[in-house]
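A.B. asks: what's the 3D shape of this:
(2 chains)
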Number of protein chains: 2
Amino acid sequence: MADDPRSATARAHSNIAFVKYWGNRDYRLRLPVSSSISMNLADLHTTTTVAWDDNQEQDTLTINGATAADSALERVRNHLDVLRARFQSRRHARVCSTNNFPMGTGIASSASAFAALTMAASAALGLKLSERELSILARMGSGSAARSIPSGYVEWHAGDSHETSFAETFAPSEHWKLIDVIAIVSRAHKRTSSSAGHETAGTSVLQPARISSAAERLRAMKSAIMRRDFEQFADVVEEDSNLMHAVMMTSDPPLLYWEPLSFAIMKAVRHWRTVENLQVCYTLDAGPNVHCICAANDAEAVVARLRTLSSELDILRSSVGCGAYILTPEG
Amino acid sequence: MADDPRSATARAHSNIAFVKYWGNRDYRLRLPVSSSISMNLADLHTTTTVAWDDNQEQDTLTINGATAADSALERVRNHLDVLRARFQSRRHARVCSTNNFPMGTGIASSASAFAALTMAASAALGLKLSERELSILARMGSGSAARSIPSGYVEWHAGDSHETSFAETFAPSEHWKLIDVIAIVSRAHKRTSSSAGHETAGTSVLQPARISSAAERLRAMKSAIMRRDFEQFADVVEEDSNLMHAVMMTSDPPLLYWEPLSFAIMKAVRHWRTVENLQVCYTLDAGPNVHCICAANDAEAVVARLRTLSSELDILRSSVGCGAYILTPEG
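C.D. replies: Alright, predicted model coming up:
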């Protein structure tokens, strides 16, 4: 039955980084310059079915029902090459992927996409890989995908080799019921992808200082999360986001991912926390959307205040998510 | 006639820095962490009359016709103490100062104010100080005032002592007819004064990298100005502004001087230059107003485009200015 398709469906969640990943020490292996910390987002996920088929001449990809034939397909093929090498397989695959959230807006669709792809592709062949190996393999597709394999609050250890650069849970999703209220400032596809942006990080004179100070922020962040200390958490989250955007805007060419409304929300969030005592802080990835990380009790108030800033704002919200998992093993 | 008032009136221009001053190595002496480069602004000036009077029991100050009795008076008194010590005088002074531009909005009113005060105060005593000494003394009132003493395009040498930290002209105002088109995003008094802000600069992990890379920007900036190379000039002006604001927003507490509209103008200016080929670049001091530095030929187009961004925007414009000078010596 070697020419029967072997398929599986997996789901992985997006994640939002509190200590960011920006810049690699090895671009081929996607070994980051520093470790990062994130939480998975339960309500933003990618569901991917991989069918390995002896009769297929090449890999195919559909995203949200539409056939992909561009850079997305090429990136998936490259990742399938990585997986074929690891699985010692020559089969091609049909990949069908659906996101329940908008792509390319700085909400890490590549993180959930490559985590789900990696898990489905291995499960379809009946392989039982460790979480660590899945994280390592997912990393090769998209760095932040390494963090969407484990559950809850996650640290991606930068490592110093392919085998030592992986993510693992340091607190389960139930540990602290934070909510990510995401203000969708723009649904437009970003002009500079994260992958291309990473390669410019080294051109900023500020990047070495960001890297050399990361260990202290990682320590403070883990401590704040373990103690559920929102005040310290907020200080480090916002500082780290500002540091990454400081590097971006002083790179060559400068990357100004924020929009004016992003900046208005950042200032408002700071005001809501420091003056109005809401437990909320902001963080932005490589895009204009603002992730407002809140204590569960304050999420409604944050949503209401965001609506007063701009009546047209789309708002997503998510609780803390589990790791990637198999929906339908049929391999 | 020792008890007759001795008075003089001086005028000094504001200046806009292209390589910024942010942070001191010595706060008492206002010795900066790095050298800076600016141009004087012909159309934004402070006119100050100082009358030294034996019969006066204390210093008095009016600004734009109103008696000052707050921190502004205290700061002027402190500076008059510095000048009295230098002039070996015990007289008190009546100081009347007028600005032709709004104060406390990130347009450096303290620069022109302390340059004019220093020049008027010394002239009123009939002293003929060198430009270098006037720059050194003005620096004690407000760091950037050192740059409003000499004419045209100016470099403030950081120096390593009181005597070696002064500004001087490196190109006359006629050398390059740049225009500063200033978008007044807010006339509100800024919450954190520049002086207070300077003291937080060292709390950002990015400040050392900004300082250690300043020499290269100073070299590139002087070279660009001497060759009238707008492209190189624009790259360094915007990078240096972004670097200073990167330090500000990663300081403890973070200083977010920009407003959403500031950011909109920054992005628009970059678009006008890189896509529409206007010779314009942006720089922001410790405030939300955006200085759009343009080639003279493009100033009208920049003003017109700014008006399309926001119909309510107040816009100032200025050509390159001369140094501080005496209007009426009566001493």
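A.B. asks: Now do the same contact list for residue A:318.
C.D. replies: By C-beta atoms under 8 Å, 6 or more residues apart in numbering or on different chains, residue A:318 lies in contact with A:14, A:41-44, A:179-180, A:182. The way it works is simple: take the backbone N, C-alpha and C, and place the C-beta from them, glycine included.
A.B. asks: For those, work out which two are farthest apart.
C.D. replies: By the measure C-beta to C-beta, A:14 and A:179 form the most distant pair in the contacts of residue A:318, at 14.1 Å.
A.B. asks: Between those two, which is the more surrounded one?
C.D. replies: The residue with the greater number of neighbours, taking residue A:14 and residue A:179 and applying other C-beta atoms under 10 Å in any protein chain shown, is residue A:14; the counts read 31 against 24.
A.B. asks: Spatially nearest residue to that one (excluding sequence neighbours)?
C.D. replies: The spatial neighbour of residue A:14 that comes closest, neighbours along the chain excluded (C-beta to C-beta, 6 or more residues apart in numbering or on different chains), is residue A:44 at 4.0 Å.
A.B. asks: can you confirm that neighbour is in a strand?
C.D. replies: Yes - assessed by DSSP: H, G, I helix; E, B strand; the rest coil, residue A:44 belongs to a strand.
A.B. asks: What's the local residue count around it?
C.D. replies: Residue A:44 is flanked by 25 other residues according to other C-beta under 10 Å.
A.B. asks: Between the contacts of residue A:318, which sits nearest residue A:267?
C.D. replies: Here the nearest of these to residue A:267, counting by C-beta to C-beta, is residue A:182; it sits at 17.5 Å.
A.B. asks: Residues contacting the helix or strand hosting the closest one, please?
C.D. replies: Element membership for residue A:182 (DSSP states H and E) is strand A:178-184. Applying C-beta under 8 Å, 6+ apart, the external contacts of strand A:178-184 come out as A:16, A:39, A:41, A:102, A:105, A:107, A:265, A:280, A:289-296, A:299, A:302-303, A:306, A:313-320.
A.B. asks: Mark which of those are buried, thanks.
C.D. replies: Among these, those that count as buried by neighbour count (16 or more other C-beta atoms under 10 Å in any protein chain shown) are A:16, A:39, A:41, A:102, A:105, A:107, A:265, A:280, A:289-295, A:299, A:302-303, A:306, A:313, A:316-320.
A.B. asks: What about those, which are in strands?
C.D. replies: Secondary structure from DSSP state E places A:16, A:39, A:41, A:280, A:290-295, A:316-318 of the buried ones among the contacts of strand A:178-184 in strands.
A.B. asks: from those, which is closest to chain B?
C.D. replies: The shortest approach to chain B among these belongs to residue A:290, at 12.1 Å (C-beta to the nearest C-beta).
A.B. asks: any idea how far residue A:164 is from the closest one?
C.D. replies: When C-beta to C-beta, to the nearest Å is applied, the distance between residue A:290 and residue A:164 equals 34 Å.
A.B. asks: element containing the residue of the stretch 101-250 of chain A found nearest chain B?
C.D. replies: The nearest approach of the stretch 101-250 of chain A to chain B comes at residue A:246, 3.3 Å away (C-beta to the nearest C-beta). Element membership for residue A:246, per DSSP H and E: helix A:230-249.
A.B. asks: what comes up buried for that helix?
C.D. replies: A:230, A:233-249.
A.B. asks: Need the contact partners of the lowest-mean-pLDDT helix or strand in chain A.
C.D. replies: When the helices and strands of chain A are compared on mean pLDDT, DSSP states H and E, helix A:194-198 comes out lowest with a mean of 81. Where contact means C-beta under 8 Å, 6+ apart, the residues beyond helix A:194-198 that reach it are A:22-24, A:27, A:108, A:110, A:142-144, A:248, A:251, A:255, A:285-286.
A.B. asks: TSV for the residues you listed, including distance to residue B:200?
C.D. replies: Putting the contacts of helix A:194-198 into TSV (distance: C-beta to C-beta, whole Å) gives the following:
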residue	distance to residue B:200
A:22	24
A:23	26
A:24	32
A:27	36
A:108	33
A:110	37
A:142	37
A:143	33
A:144	32
A:248	22
A:251	24
A:255	26
A:285	27
A:286	28
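A.B. asks: which of these has the most neighbours?
C.D. replies: residue A:108 leads those on contacts (other C-beta under 10 Å) with 31 neighbours.
A.B. asks: Could you tell me which residues of the stretch 201-331 of chain A lie near chain B?
C.D. replies: In this structure, the stretch 201-331 of chain A approaches chain B at residues A:205-206, A:208-210, A:212-213, A:238-239, A:242-243, A:246-247, A:249-250, A:254, A:256, A:258-261, A:263-264, A:266-267, A:270, judged by C-beta under 8 Å from any C-beta of the partner chain.
A.B. asks: let's see 6 Å
C.D. replies: For the stretch 201-331 of chain A, the residues found near chain B under the criterion C-beta under 6 Å from any C-beta of the partner chain are A:205-206, A:209, A:213, A:242-243, A:246, A:249-250, A:256, A:260, A:263-264, A:267.
A.B. asks: What is the distance between stretch A:83-102 and the centre of its chain?
C.D. replies: Between the mean C-alpha point of stretch A:83-102 and the mean C-alpha point of its chain there is a distance of 18 Å (C-alpha atoms, centre = their mean, to the nearest Å).
A.B. asks: Show me which residues of that stretch are buried.
C.D. replies: Along stretch A:83-102, these residues count as buried under the neighbour rule (16+ other C-beta under 10 Å): A:83-84, A:86-87, A:89, A:91-97, A:99, A:101-102.
A.B. asks: got the CA positions of that stretch in PDB?
C.D. replies: Output in PDB follows, covering the C-alpha atoms of stretch A:83-102 (Å, rounded to 0.1, in the frame of the first residue of the first chain):
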ATOM      1  CA  LEU A  83      11.100  17.200   6.200                       C
ATOM      2  CA  ARG A  84      11.700  14.800   3.400                       C
ATOM      3  CA  ALA A  85      15.400  14.800   4.200                       C
ATOM      4  CA  ARG A  86      14.600  14.100   7.800                       C
ATOM      5  CA  PHE A  87      12.000  11.400   7.100                       C
ATOM      6  CA  GLN A  88      14.100   9.800   4.300                       C
ATOM      7  CA  SER A  89      11.100  10.100   2.000                       C
ATOM      8  CA  ARG A  90      10.800  11.100  -1.700                       C
ATOM      9  CA  ARG A  91       7.000  11.500  -1.800                       C
ATOM     10  CA  HIS A  92       5.400  14.800  -2.600                       C
ATOM     11  CA  ALA A  93       2.600  16.200  -0.600                       C
ATOM     12  CA  ARG A  94      -0.800  17.900  -1.000                       C
ATOM     13  CA  VAL A  95      -1.000  20.600   1.700                       C
ATOM     14  CA  CYS A  96      -4.300  22.200   2.600                       C
ATOM     15  CA  SER A  97      -4.200  25.000   5.200                       C
ATOM     16  CA  THR A  98      -6.800  27.300   6.700                       C
ATOM     17  CA  ASN A  99      -6.300  30.200   9.100                       C
ATOM     18  CA  ASN A 100      -9.000  31.600  11.200                       C
ATOM     19  CA  PHE A 101      -7.300  35.000  11.300                       C
ATOM     20  CA  PRO A 102      -6.000  37.500   8.700                       C
END
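A.B. asks: Averaged pLDDT, it. What do you get?
C.D. replies: Averaging pLDDT along stretch A:83-102 gives 93.
A.B. asks: ok, and what's touching that stretch?
C.D. replies: Taking contacts as C-beta atoms under 6 Å, 6 or more residues apart in numbering or on different chains, the residues outside stretch A:83-102 that touch it are A:44-52, A:54, A:56, A:58-64, A:76, A:80, A:107, A:109, A:121, A:125, A:187.
A.B. asks: Now restrict these to buried residues only.
C.D. replies: Of the members of those, the ones counted as buried by neighbours, 16+ other C-beta under 10 Å, are A:44-52, A:59-61, A:63, A:76, A:80, A:107, A:109, A:121, A:125.
A.B. asks: so who does the closest residue to residue A:23 other than its chain neighbours touch?
C.D. replies: Nearest in space to residue A:23, with sequence neighbours left out and distances taken as C-beta to C-beta, 6+ apart, is residue A:201 at 3.2 Å. Residues counted as contacts of residue A:201 (C-beta under 6 Å, 6+ apart) are A:22-23, A:207, A:247.
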